[in-house]
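Enquirer: Got a predicted model here, sequence first, then my questions.
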Amino acid sequence: MNAQLIENRLIPIFMFLLGIGIFFIWIADMLKGKFAGQGNFFKWREGENMLWPHIFAEFLTAGLLILSAAGLFFTFIWALKLSLLSFGAVIYSSINSSAWVLAEKKRLPYGIPMWIGLTGSIISVLILIL
């Protein structure tokens, strides 16, 4: 398969879908009222952890993925570096959040797409740097 097709079309499509997916999962949880009754956004907790820094990091990662996807698609010079940063954030977040998923089996529906994103991100990074 043509390297340009992979780097400038397939990887950006994957990045865009991953970014939209991250936004969608969090927005869906919010709209379902998952955090209802906990006060304003800055008071939301899961267990002993405050959620707003985590949600902020997830939204930042999603935004960077979408921006990077556009950059790779249109072959902007900055896109490769931003893409590697974006994928790095996904890789870290996926590995870190795996502990949360593995702690309770009911969270597995969150883990499956997350691990798909992790696998695709590692493969994409390898393709982009090799």
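Expert: Nice, I can see it.

Enquirer: Going by C-alpha atoms from here, please, whenever you check contacts or count neighbours.
Expert: Fine.

Enquirer: Check which element follows the helix or strand encompassing F56 along the chain.
Expert: Element membership for F56, per DSSP states H and E: helix 52-73. For helix 52-73, the following helix or strand on the C-terminal side (DSSP H and E) is helix 79-103.

Enquirer: about what we covered before: counting by contacts, list what the helix holding F56 packs against.
Expert: On a contact count with 3 or more CA pairs under 8 Å, 6 or more residues apart in numbering; DSSP states H and E, helix 52-73 meets helix 11-31, helix 79-103.

Enquirer: Give the buried residues for that helix.
Expert: 58-73 (16 or more other CA atoms under 10 Å).

Enquirer: okay, how far is it across stretch 71-78, tip to tip?
Expert: 7 Å (CA to CA, to the nearest Å).

Enquirer: what comes into contact with it?
Expert: 7-9, 12, 79-80, 83 (CA atoms under 8 Å, 6 or more residues apart in numbering).

Enquirer: Same list, those, but as JSON lines with neighbour count, pLDDT and distance to L130 please.
Expert: Listed next are the contacts of stretch 71-78 as JSON lines, based on neighbours: other CA atoms under 10 Å; pLDDT from 0 to 100; distance: CA to CA, whole Å:
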{"residue": "E7", "neighbour count": "19", "pLDDT": "96", "distance to L130": "11"}
{"residue": "N8", "neighbour count": "17", "pLDDT": "95", "distance to L130": "15"}
{"residue": "R9", "neighbour count": "17", "pLDDT": "97", "distance to L130": "17"}
{"residue": "P12", "neighbour count": "25", "pLDDT": "98", "distance to L130": "17"}
{"residue": "A79", "neighbour count": "18", "pLDDT": "98", "distance to L130": "16"}
{"residue": "L80", "neighbour count": "19", "pLDDT": "98", "distance to L130": "12"}
{"residue": "S83", "neighbour count": "27", "pLDDT": "98", "distance to L130": "14"}
